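In: Any chance you can model this:
(6 chains)
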Protein chains: 6
Amino acid sequence: MGRPVTLFTGQWADLPLEELASKVAAWGYDGLELACWGDHFDVARALSDPGYTASRREILDRHGLGCFAIANHLVGQCVCDPIDSRHQAILPPEVWGDGDPEGVRQRAAERMKDTARAAAKLGVTVVNGFTGSSIWHLLYSFPPNDFSAIERGYADFAERWDPIIDVFDQEGVRFGLEVHPTEIAYDFVTTRKALAAIGRRAGFGINFDPSHFAHQFLDSQAFIEEFADRICHVHVKDSRKRLDGRRSILGSHLDFGDGDRGWTFVSPGHGDVDFESMLRALNRIGYQGPLSVEWEDSGMDREWGARDALGYLRRVDFAPATTAFDAAFRRGA
Amino acid sequence: MGRPVTLFTGQWADLPLEELASKVAAWGYDGLELACWGDHFDVARALSDPGYTASRREILDRHGLGCFAIANHLVGQCVCDPIDSRHQAILPPEVWGDGDPEGVRQRAAERMKDTARAAAKLGVTVVNGFTGSSIWHLLYSFPPNDFSAIERGYADFAERWDPIIDVFDQEGVRFGLEVHPTEIAYDFVTTRKALAAIGRRAGFGINFDPSHFAHQFLDSQAFIEEFADRICHVHVKDSRKRLDGRRSILGSHLDFGDGDRGWTFVSPGHGDVDFESMLRALNRIGYQGPLSVEWEDSGMDREWGARDALGYLRRVDFAPATTAFDAAFRRGA
Amino acid sequence: MGRPVTLFTGQWADLPLEELASKVAAWGYDGLELACWGDHFDVARALSDPGYTASRREILDRHGLGCFAIANHLVGQCVCDPIDSRHQAILPPEVWGDGDPEGVRQRAAERMKDTARAAAKLGVTVVNGFTGSSIWHLLYSFPPNDFSAIERGYADFAERWDPIIDVFDQEGVRFGLEVHPTEIAYDFVTTRKALAAIGRRAGFGINFDPSHFAHQFLDSQAFIEEFADRICHVHVKDSRKRLDGRRSILGSHLDFGDGDRGWTFVSPGHGDVDFESMLRALNRIGYQGPLSVEWEDSGMDREWGARDALGYLRRVDFAPATTAFDAAFRRGA
Amino acid sequence: MGRPVTLFTGQWADLPLEELASKVAAWGYDGLELACWGDHFDVARALSDPGYTASRREILDRHGLGCFAIANHLVGQCVCDPIDSRHQAILPPEVWGDGDPEGVRQRAAERMKDTARAAAKLGVTVVNGFTGSSIWHLLYSFPPNDFSAIERGYADFAERWDPIIDVFDQEGVRFGLEVHPTEIAYDFVTTRKALAAIGRRAGFGINFDPSHFAHQFLDSQAFIEEFADRICHVHVKDSRKRLDGRRSILGSHLDFGDGDRGWTFVSPGHGDVDFESMLRALNRIGYQGPLSVEWEDSGMDREWGARDALGYLRRVDFAPATTAFDAAFRRGA
Amino acid sequence: MGRPVTLFTGQWADLPLEELASKVAAWGYDGLELACWGDHFDVARALSDPGYTASRREILDRHGLGCFAIANHLVGQCVCDPIDSRHQAILPPEVWGDGDPEGVRQRAAERMKDTARAAAKLGVTVVNGFTGSSIWHLLYSFPPNDFSAIERGYADFAERWDPIIDVFDQEGVRFGLEVHPTEIAYDFVTTRKALAAIGRRAGFGINFDPSHFAHQFLDSQAFIEEFADRICHVHVKDSRKRLDGRRSILGSHLDFGDGDRGWTFVSPGHGDVDFESMLRALNRIGYQGPLSVEWEDSGMDREWGARDALGYLRRVDFAPATTAFDAAFRRGA
Amino acid sequence: MGRPVTLFTGQWADLPLEELASKVAAWGYDGLELACWGDHFDVARALSDPGYTASRREILDRHGLGCFAIANHLVGQCVCDPIDSRHQAILPPEVWGDGDPEGVRQRAAERMKDTARAAAKLGVTVVNGFTGSSIWHLLYSFPPNDFSAIERGYADFAERWDPIIDVFDQEGVRFGLEVHPTEIAYDFVTTRKALAAIGRRAGFGINFDPSHFAHQFLDSQAFIEEFADRICHVHVKDSRKRLDGRRSILGSHLDFGDGDRGWTFVSPGHGDVDFESMLRALNRIGYQGPLSVEWEDSGMDREWGARDALGYLRRVDFAPATTAFDAAFRRGA
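Out: Numbering: from 1, shown residues only, chains lettered A, B, ... in the order given. Purely as a prediction, here's the structure:
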């Protein structure tokens, strides 16, 4: 009962998939959401090596693990971003190439198309990821923004992603944008605008992750209800505010986990996310896909935390009502 | 009784100083904080035209207005910033020049030195302004920041501003950084770091403006107490949150005043700033300088608001205790 | 500057209009919203007596008072309600007649049509009022409601009010439902449903009164924004919660003003209504009509309160921005 | 240790008692609170069929389940209510009869007397239920209530229930009113009035259910303390508010569980009820009776929820202190 | 309209009454509550010098000031307290005498009787004051209290004050205990116990001061309602919490006004007291006596504050309803 | 994984150590923090009886229990306190002696030195305890404190404890003051002052107990961060506020557990303490010592509670991160 619980492998890229799968299965997870970095899932090889995707499945099968989605946040980020040295650190060398920004963006776009093709070969119908944004750095309007430049940012996003989503559509795979600061969409307003820009085409979905909403004071269940037709995948991650008048909600240019930040990511159930409300909203919209734990908490042992997160989800992910409350039930009070 | 109340002229640059002074005096203000743009105060002319500063004083005197500080936020912003087209819109042509970023930064630095010289000629001891920041755009660490790059940002700030403050010291003028997002310091953590970077030299002070703190959930009175020796000027400006679960604290890339933002600037007394606590803290640290209204509220008539703000301050800026509570008073309860 | 402030005469029906007008003018109000009971405005006479509406205007003119709307809540209430003895107390005898429920409802409907006609004769374009509701008493679903009966309630409303609004349309007058418990619409959900039932025809507007929203924990500014095209009149009334764990939000079947209630009506500015947010929302949607004080506070002297309410509104109803914040203003921070 | 945990069978009337008992015992419950509808407990048959009550006990005994109370909310509701078609759906045909309201009320009163007699035969000393109310529909005083009519409602309640409680007294059984909207008593004020009306006679007790208090903003522990001598049974049920400014606390005439309601019932531990405070208060007043789970949550699978509720209670229903904290303990700090 | 506003002279004992009266009258106060220290009101002289009380009245009359109560907190404090050197500082030498504790307490008791006699001579019917407490220092039970010692503290209070109140009764004067930490009664529980100890005799009343309730998180209006028959005088004083996680609600052994305290006293309207609720409660219980400003705010100029406080009260002390809301009014909504 | 969990034996002094150890081991605790009263640990005997400390260890070893600290709160309390009859009840007769206050204080000081010596013999490096305070009873400054007397209280503390800490230093044992009302330090301000008074010598540490901070509205994690170098031991105890406007935060002179108090102690996890934040702060400062349960809850069975507390800690005391989040992990989001 309840939904399948998977572990997103992005934060475990230092472990070979074989080793990770063994641990995760022993902890009791139902599957993995494979990251397209580390040795977990190699998009290029999936397309060039005929046996590759089967070999990945074989590892998962051996441990009794399912796979419902793959994730390529890092390459996706580079599709729209102004490119700087930080991007080199997150890209495969062949996508980075000579680092010329427009070239990087175009190669990243091609790689995202390939990711759809690779996903199809692996037999999954969802690719989660980021879009990047040409306007994120204009977040606080000083020097004053030319707001037509903001509008051009949404248009730029649509121009770059429309052809990518064409390939997704051809492959029968849906892209799930993780709505997130630094992306073209990170809240209600920007999600509405981004979806409008891309014509609300069905292939462009959302990988909902509540940890990016809590520190923005956004209502996760309201988001799920408004964008019900978009939610194709769910990340389970938490964040915790510490607003004591000395710590800024903006983060103070400190790394996640620093004690002086106003908020940081924590293991699921240890933060501000109201998972019960999120799950009730998912029940209402009929979401039946996986709950995929994206584990990140710099104050907790990683393996202790991954087990803790699973136990937490097993407790809180109750089954939705399977029969209607009929008149007979309603006779009580 | 109470402190002098001035109006910062930055948002009124469309009005000639003469006209503005006439209005402001009629409303009952005690003085003006002159912006170094529009025709309000021209730094270059102040240095080149022997009679200029006297002519400015003459206008003010004629309306019975004092002047305790001038402000050059726009040029200061360009000292450390990565330069883009937005900066052209806020700079005098001769500072912008050919727009080559490093050239712009260096010319802006020179102009800030001149601003100190011009302030001295005008007979004021405080220049308020911004510093810019080479690292602001790295606010959200994704793609993951190289945090040594953040540290280099503070060092870059110190290298660029140390020689500027040398001139301020020579002229007997203090620089008042308006702690503010997009600047090197915008909260407690970054102010501590910026001050440390510049060796806490006395000439580098703070123009405290609570409107930038309320939306970060920062405690204005705690800031005033911690940085008591820095506070050389105070802006009175307000901001108002609307966090209903649909509006993000990050602002959604919308302009100030847009109804869908999670917060915006409003006329003093109409927002979340706890002015009573701020004033009590200013009393405790012995601040006797002006309260300078920086009026900005896109939902209110500007002139109605400027009068409303003054009336508000006259009510809330109570006089601090002038005699100690001696034993006789304490006999009651 | 600011909007005209009127007094709704409904709670002053014990005073002759002449006497009331004299007081209200002396207090400084800009006009009256005439109630169709007491001697304030007699619908039947307005239609039968050719000089009547002019005589009403004459009284108002003599005191320099305007009239922007009339109100007929009591008759409107009887259009959809199940009729009981309480209705007899609020109806003119000729509308009550023999008290047979359906007959009462039909006569009330006719009288509402006449109210539109009378308003047109008086030269006002808004009639505020109630609709009644055939389903209000089913508020708490126990014994369990047959929810198709609820749907029939909306249909019944539409059937009864559609022909009334036909007359309003003919007369060029808009009906303003005061969204309110006991009416067909009292919150967001029911307003959406009621408007849908009546086909969102333009003649059916809303008289917005925030005092009915605060105790329901509803967001007045969000309502104004969602139903911007409906708001044709605004009541200024306040309510105050006292939720100390012993007092129920439901009211305990106690009369308004009783100290044991969980909430009650209070003079404007003395309660929980966030008038600043309401006024900013009205500014955003461009509402330029009157703010009509419906004064009701059982713990305050009526005349003291009416003056206090006017003074309060004069302070808080600031003028909206008349010029855009252009680039020049934006150069400050 | 801890109190016995029972399941109220009212919401499971679609299952035969035998089947339900089997499930409930397997889940680990200690007993059942039998509803007097479905096939769970038939009052008429208990009085007419000499072996009936023993047969019910036999089923319970076979599964190791106790029974501490029975419940007849549906018939009780009809003792004071204005009768309409909804009541027909909740009454046995012989009580409904021809549906003439006064006849229905009188037959319901007789059936409640029989319920006391049947309870005594079954060997339980508590019958939980509702009273109905002739005045509930006057909750919001518009058209304005004649408040003497409200007082008459309490008198009507006393007249109708006094003779019923006479039979309860004769049978040594106590009636436990579930204080609840739609009943004569639903909060502090109305409970005080209802108890006063009936002379605070001992046979009229309270079945305390906190789910009806949370959405009224009432303090459960304060209620338990004030009415300590009345609490003869406890329901464990939860409710959850969703007050986001768009959802009304009044419920919008929507069915329980609808996502647009401002509150709804949820499985114990999933809502706003502070069970720890409730249990501490029950400890303080010495309540040793059952905690009876009334399970109702339209967003959760019923059987998953019933097990979850039991597990929750086993964790939170700690044993009260059995020995005083003597001087020796107090030596620490 | 509104109640008379007086100034309590206790915190102004450094000024001669003549000078103080002149100032206070000029500010617009209606009267003075004379402190029995400084030269404001000398109890001993009032009894020994036949013309003294008339001379006091003459000063007040000359300035158009009334006097509704006198206050003798300092002597009252010494009736029950364990006596130490702090008491010497607050007592007249003849009451302190040799400082032997029991002697001091008995002389203080006699002086309180004289205060009643002096009040009667002055023509006032209320004496406000403190009682002291033999058990206050046992506030936090460590080392663990012998709680029978606490009970003896209430008995000691009653024994010492019963004979004092006898004299008050004889003189037709009521004692108004200012419920306050360090006194026998400082909250709901201790007020109930103290009143019970003294048999709730009518002569023992309460001078209600909300500033001592706000920092205890107590509900002023609930207190006024529970002890309605006791309230014979009201102090208007405010207090303000600063609970930022670093400042303790207990006060840190710092003097009032210190910036590191968790709360301190402030000028009325500048703190946490909900005066509107307090005034509504006073309206409900029919209190018609003075509102006496006890001004104490170590961060504000005393004279600025006294005027500010009066202005504040004139705004918020609205007149209670003088006529009932009759049926005519209720016809609106 | 996680820290060792011990039980503080102070509240179990009625049970012989042997019996207590047997129970505690069976519940699964890792060790005991022995109280120096009851028969748990006898300081005098430890110094006089060569085999005593070994015999204690033997009992612990037999049950597999560790011992990381001993506690002597009761004797420590008497070092600075004004002595009264309550102290006799908490002292060994030979320390009480004739009860002359100064003699008691000096003998208590000597016994604390012996406690350090005994701890060293037992092989533990921490002695927890209280200091007492000569000024606690001056908490609320009325009659007004002479604040130089407060300063003398800190000096008195330093004079009395400096020689005690000399012995602790010699023995290689650290004293851990439980910061607590009634002690010289009970919050941030007083801890800063007390540490300053004693020259921040290393031997004077802190036994952190969050239950004394929650009711003062103090931030436990901020305290741990500020006094990181002092934290040598941690108590796990909880407290719960009930601030409903009728219950005072000051406690009303009622015993812990009384239902009318505004706060009381409760079993860990049942109150207001934010243990997650506390544990994260302990992780950040690198505290690796025991979490010692000081169990006190007058509303819960003691043995039920001790097991519940252990289970709670096992769930919430997660392991801190053991490896840095390296670049690979950060590639996700």
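
In: how close does the nearest residue to residue A:251 once chain neighbours are set aside sit to residue A:211?
Out: Nearest non-adjacent residue to residue A:251, counting by Cβ to Cβ, 6 or more residues apart in numbering or on different chains: residue A:261, 5.3 Å away. Using the backbone N, CA and C atoms, a C-beta is placed for each residue, glycine as well. Distance from residue A:261 to residue A:211, counting by Cβ to Cβ, to the nearest Å: 14 Å.

In: Those two: which is more packed in?
Out: Neighbours of residue A:261 and residue A:211, each counted by other Cβ atoms under 10 Å in any protein chain shown, are more numerous for residue A:211; the result is 26 against 22.

In: To which secondary structure element is residue A:7 assigned?
Out: Taking DSSP states H and E as the criterion, residue A:7 maps to strand A:5-8.

In: How about that strand and chain F, any contact?
Out: Yes: Strand A:5-8 reaches chain F (Cβ under 8 Å from any Cβ of the partner chain) through residue A:8.

In: So is that strand next to chain D?
Out: No: remark: strand A:5-8 sits outside contact range of chain D, by Cβ under 8 Å from any Cβ, the gap being at least 16.0 Å.

In: wait, does that strand contact chain B?
Out: No: on the criterion Cβ under 8 Å from any Cβ, strand A:5-8 is out of touch with chain B, staying 15.4 Å away.

In: Partner strands of that strand, with direction?
Out: The pairing partners recorded for strand A:5-8 under DSSP bridges are strand A:31-35 (parallel), strand A:291-293 (parallel).

In: Switch those over to CSV; also include distance to residue A:236, mean pLDDT and mean neighbour count.
Out: Converted to CSV, those look like this (distance: least, Cβ to Cβ, whole Å; pLDDT from 0 to 100; neighbours: other Cβ atoms under 10 Å in any protein chain shown):
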stretch, distance to residue A:236, mean pLDDT, mean neighbour count
strand A:31-35, 11, 98, 27
strand A:291-293, 5, 98, 26
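
In: Format those as JSON lines; extra columns: distance to residue D:234.
Out: Converted to JSON lines, the strands paired with strand A:5-8 look like this (distance: least, Cβ to Cβ, whole Å):
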{"stretch": "strand A:31-35", "distance to residue D:234": "43"}
{"stretch": "strand A:291-293", "distance to residue D:234": "35"}
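
In: mind listing what the residue nearest to residue A:251 touches?
Out: Going by Cβ atoms under 8 Å, 6 or more residues apart in numbering or on different chains, residue A:261 touches A:242, A:247, A:251-252, A:254.

In: Run through who's touching the strand holding residue A:7.
Out: Contacts of strand A:5-8 (Cβ under 8 Å, 6+ apart): A:24, A:29-33, A:35, A:66-69, A:71, A:235-236, A:290-295, A:306, A:310, A:313-314, A:317, F:332.

In: So which of these belong to helices?
Out: Counting by DSSP state H, the part of the contacts of strand A:5-8 found in helices is A:24, A:306, A:310, A:313-314.

In: what's near enough to touch residue A:248?
Out: By Cβ under 8 Å, 6+ apart, the neighbours of residue A:248 are A:262, B:186-189, B:216-218.

In: correct me, but residue A:66 touches residue A:30?
Out: Yes: counting by Cβ atoms under 8 Å, residue A:66 touches residue A:30, with 5.8 Å between them.

In: Can you tell me the element residue A:273 falls in?
Out: Using DSSP H and E, no helix or strand contains residue A:273.

In: gap between it and residue D:229?
Out: Distance from residue A:273 to residue D:229, by Cβ to Cβ: 44 Å.

In: out of these two, which sits in the busier spot?
Out: Between residue A:273 and residue D:229, counted using other Cβ under 10 Å, the more crowded position is residue A:273 (24 against 12).

In: what about the residue in the stretch 1-150 of chain A that chain F sits nearest to, how many neighbours?
Out: Scanning the stretch 1-150 of chain A for the residue nearest chain F gives residue A:10, at 2.7 Å (criterion: Cβ to the nearest Cβ). A count of nearby residues for residue A:10, using other Cβ under 10 Å, gives 27.

In: Can you tell me how far it is from chain C?
Out: 37 Å (Cβ to the nearest Cβ, to the nearest Å).

In: Specify the angle between the strand or helix carrying residue A:118 and strand A:31-35 in degrees.
Out: In this structure, residue A:118 is located in helix A:101-122 according to DSSP H and E. Relative orientation of helix A:101-122 versus strand A:31-35 (axes from the mean of the first three to the mean of the last three Cα atoms, to 10 degrees): 150 degrees.

In: on that earlier part again, can you go through the ones in helices among the contacts of strand A:5-8 and name the buried ones?
Out: For the ones in helices among the contacts of strand A:5-8, a burial check counting by 16 or more other Cβ atoms under 10 Å in any protein chain shown picks out A:24, A:306, A:310, A:313.

In: can you give me the strands for chain A?
Out: Ranges of strands in chain A, per DSSP state E, are A:5-8, A:31-35, A:70-71, A:126-129, A:174-178, A:204-208, A:231-236, A:238-241, A:263-266, A:291-293.

In: Those into CSV, with extra columns for distance to residue B:43?
Out: Formatted as CSV, those follow (distance: least, Cβ to Cβ, whole Å):
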stretch, distance to residue B:43
strand A:5-8, 55
strand A:31-35, 54
strand A:70-71, 53
strand A:126-129, 49
strand A:174-178, 47
strand A:204-208, 51
strand A:231-236, 52
strand A:238-241, 43
strand A:263-266, 41
strand A:291-293, 57
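
In: right, so of these, which gets closest to residue B:134?
Out: Among the strands of chain A, the nearest to residue B:134 by Cβ to Cβ is strand A:263-266 (24.5 Å).

In: same question for that closest one, mean pLDDT?
Out: Per-region confidence: strand A:263-266 scores 97 on mean pLDDT.

In: That one packs against which elements?
Out: strand A:238-241 (3 or more Cβ pairs under 8 Å, 6 or more residues apart in numbering or on different chains; DSSP states H and E).

In: Check the offset of the strand it packs on from the chain's centre.
Out: 17 Å (Cα atoms, centre = their mean, to the nearest Å).

In: same deal with stretch A:117-136?
Out: 9 Å.

In: Likewise for stretch A:55-69?
Out: The answer for stretch A:55-69 is 20 Å, by Cα atoms, centre = their mean.

In: Next, the buried residues of that stretch.
Out: Quick answer for stretch A:55-69 (16+ other Cβ under 10 Å): A:56, A:59-60, A:63, A:65-69.

In: possible to save these as a markdown table with distance to chain E and pLDDT?
Out: Shown next, in a markdown table, are those (distance: Cβ to the nearest Cβ, whole Å; pLDDT from 0 to 100):
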| residue | distance to chain E | pLDDT |
| --- | --- | --- |
| A:56 | 50 | 97 |
| A:59 | 49 | 97 |
| A:60 | 48 | 98 |
| A:63 | 47 | 98 |
| A:65 | 45 | 98 |
| A:66 | 46 | 97 |
| A:67 | 46 | 98 |
| A:68 | 43 | 97 |
| A:69 | 42 | 98 |
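
In: Spatially, which two of the residues you listed are the most separated?
Out: The farthest-apart pair in the buried residues of stretch A:55-69, when distances are taken by Cβ to Cβ, is A:63 and A:69, at 17.5 Å.

In: Which stretches in the stretch 51-200 of chain A count as helices?
Out: Here the stretch 51-200 of chain A has its helices, by DSSP state H, counting those that start in this stretch, at A:52-62, A:73-77, A:85-88, A:93-96, A:101-122, A:147-171, A:188-197.
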